[in-house]
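K.L.:
Sequence and computational prediction follow.
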Amino acid sequence: MPILTFNFNGVNLGILIIFNLKQISFLLLNIVILISGFSCFKTAISDQSSSQNVDFLVKQGKIFWEQRTNLSSFDKADHFISLAYQKRPTDFELAILMSKIKFFRAYFLEDDPFIKDTLYLEASKICKNIIINHPEFTANYNGSIEDTTTKLMAAIASTPNFLIPALYWWAVNQARYLNRKPALERINQRELLEVIMNRVLTIEPGFDSSGPYRFFGSLYTRIPGIELSQSKTYFDQALQANPEFLGNYVLMAEHYHQKAGNKEQFHQSLIKVIETNLTNHPELMTDNFFYQEKAKQLLKNESLLFE
């Protein structure tokens, strides 16, 4: 029934008006649907584009990371991976690489002690956060009825195997950060570091070319009250398992030989590292290159280290 009815030249304009209003309503409804659909489509495209951008950053970062013997390439790797990590802080693989990049810069390139410690601490926190926020770790942690510290230790001791890289770099960076801190801080964190790295040692003792043995060898030169022979035992195990990895010699010289006052062994170990032909083990060439450079630095400061 028309709302308005009047005729003009025999045409019922009331019906015409109603008919036009219906058309307009239908048109408006379709416009709303179209706009809404376009908005969702635009959001989906934006999300896809953002994801593709992060993927591009990660890809470029990994390419430059593999070329890190060129320090310009390393800086580019740091730049790309940092940008990607800001957008995907919960990406496990990305977090591990970000932590390794910070460790690399701190240990091999940075001279300022404050900046070194800042980088180590940041790298440690990245790995700690990726672990404690992981659903499987959280399930283990929440399943315990012990106090907070005990719960944390228990959860770490049963950490799933695939989280091992994060455990390793958490401990390595945290220990490095503590190296220049008061002895009491190292003593207070000793148990946590031991629980973390013992889990790695149990699951994958060869991780990072016997990294767990190398870790304990270094740590036990920095904890008061521990027999220095324990450090030597761990370094010997690292060297026996992976004699091709120059980092095992460098860290033994840097920590054990220096602490024990073994100046001659310190010197000979580092000379051996410097004279090693890097092409003998192409798969380790990049890491060994930087440990050769570290050996040169240590030898340069030999007289100061043994005053």
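P.N.:
Here it is on my side, so go on.
K.L.:
If you count contacts, what does the host helix or strand of Asn188 end up packed against?
P.N.:
If you go by DSSP states H and E, Asn188 is part of helix 183-203. Using 3 or more C-beta pairs under 8 Å, 6 or more residues apart in numbering; DSSP states H and E, the elements in contact with helix 183-203 are helix 148-157, helix 164-178, helix 207-219. (Glycine included, C-beta is placed from N, CA and C.)
K.L.:
That helix vs helix 148-157, what angle?
P.N.:
Between helix 183-203 and helix 148-157, the angle comes out at 30 degrees (axes from the mean of the first three to the mean of the last three C-alpha atoms, to 10 degrees).
K.L.:
re the thing from before, now the helices and strands packed on helix 183-203 as a markdown table including mean pLDDT, mean neighbour count and distance to Thr276?
P.N.:
As requested, the helices and strands packed on helix 183-203 are exported to a markdown table (pLDDT from 0 to 100; neighbours: other C-beta atoms under 10 Å; distance: least, C-beta to C-beta, whole Å):
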| stretch | mean pLDDT | mean neighbour count | distance to Thr276 |
| --- | --- | --- | --- |
| helix 148-157 | 89 | 15 | 36 |
| helix 164-178 | 98 | 24 | 23 |
| helix 207-219 | 98 | 24 | 14 |
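K.L.:
What are the boundaries of the helices in the stretch 1-150 of the chain?
P.N.:
Ranges of helices in the stretch 1-150 of the chain, per DSSP state H, counting those that start in this stretch, are 13-66, 71-87, 92-104, 113-132, 135-142, 148-157.
K.L.:
Comparing those helices by mean pLDDT, which bottoms out?
P.N.:
Looking at the helices of the stretch 1-150 of the chain, the lowest mean pLDDT belongs to helix 13-66 (a mean of 66).
K.L.:
Need the nearest residue in space to Phe80, chain neighbours excluded.
P.N.:
Nearest residue to Phe80, sequence neighbours excluded (C-beta to C-beta, 6 or more residues apart in numbering): Gly61, at 3.5 Å.
K.L.:
Can you get me a residue count around that neighbour?
P.N.:
Here the count is done by other C-beta atoms under 10 Å, and Gly61 has 24 residues near it.
K.L.:
same thing with the one 3 residues further on?
P.N.:
Per other C-beta under 10 Å, the neighbour tally for Phe64 reads 20.
K.L.:
hang on, it packs against Phe80?
P.N.:
Yes: if you go by C-beta atoms under 8 Å, Phe64 and Phe80 touch, sitting 6.6 Å apart.
K.L.:
Can you check the pLDDT for Gln240?
P.N.:
The model reports Gln240 with a pLDDT of 98.
K.L.:
does it sit in a helix or strand, and which one?
P.N.:
Per DSSP H and E: Gln240 is located in helix 228-241.
K.L.:
who does the helix or strand that that helix is followed by touch, helix- and strand-wise?
P.N.:
Going down the chain from helix 228-241, the next helix or strand is helix 246-251, by DSSP H and E. Applying 3+ C-beta pairs under 8 Å, 6+ apart, we find helix 246-251 packed against helix 207-219, helix 228-241, helix 263-275, helix 285-300.
K.L.:
most packed of those helices?
P.N.:
Comparing these by mean neighbour count (mean count of other C-beta atoms under 10 Å), helix 207-219 ranks first with a mean of 24.
K.L.:
Okay, angle between that one and helix 183-203 too, please.
P.N.:
Between helix 207-219 and helix 183-203, the angle comes out at 150 degrees (the same axes, to 10 degrees).
K.L.:
show me the contacts for the residue lying closest to Lys294 once chain neighbours are set aside.
P.N.:
Closest residue to Lys294 in three dimensions, ignoring its sequence neighbours and counting by C-beta to C-beta, 6+ apart: Val250, at 5.3 Å. When contacts are counted by C-beta atoms under 8 Å, 6 or more residues apart in numbering, Val250 touches Ser269, Leu270, Val273, Tyr291, Lys294, Ala295, Leu298.
K.L.:
for those, which one is nearest Asn140?
P.N.:
Nearest to Asn140, judged by C-beta to C-beta, of the contacts of Val250 is Tyr291 at 35.8 Å.
K.L.:
What's the separation between that closest one and Asp78?
P.N.:
Relative to Asp78, Tyr291 is positioned 20 Å away (C-beta to C-beta, to the nearest Å).
K.L.:
just Thr148 next, same as before
P.N.:
35 Å.
K.L.:
Asn301 now?
P.N.:
Counting by C-beta to C-beta, the gap from Asn301 to Asp78 is 26 Å.
K.L.:
Among the two, which residue is more densely surrounded?
P.N.:
More crowded of Asn301 and Asp78, by other C-beta under 10 Å: Asp78, with 19 against 9.
K.L.:
Test my guess that that one contacts Leu109.
P.N.:
No: the criterion here is C-beta under 8 Å, and Asp78 misses it with Leu109 at 10.1 Å.
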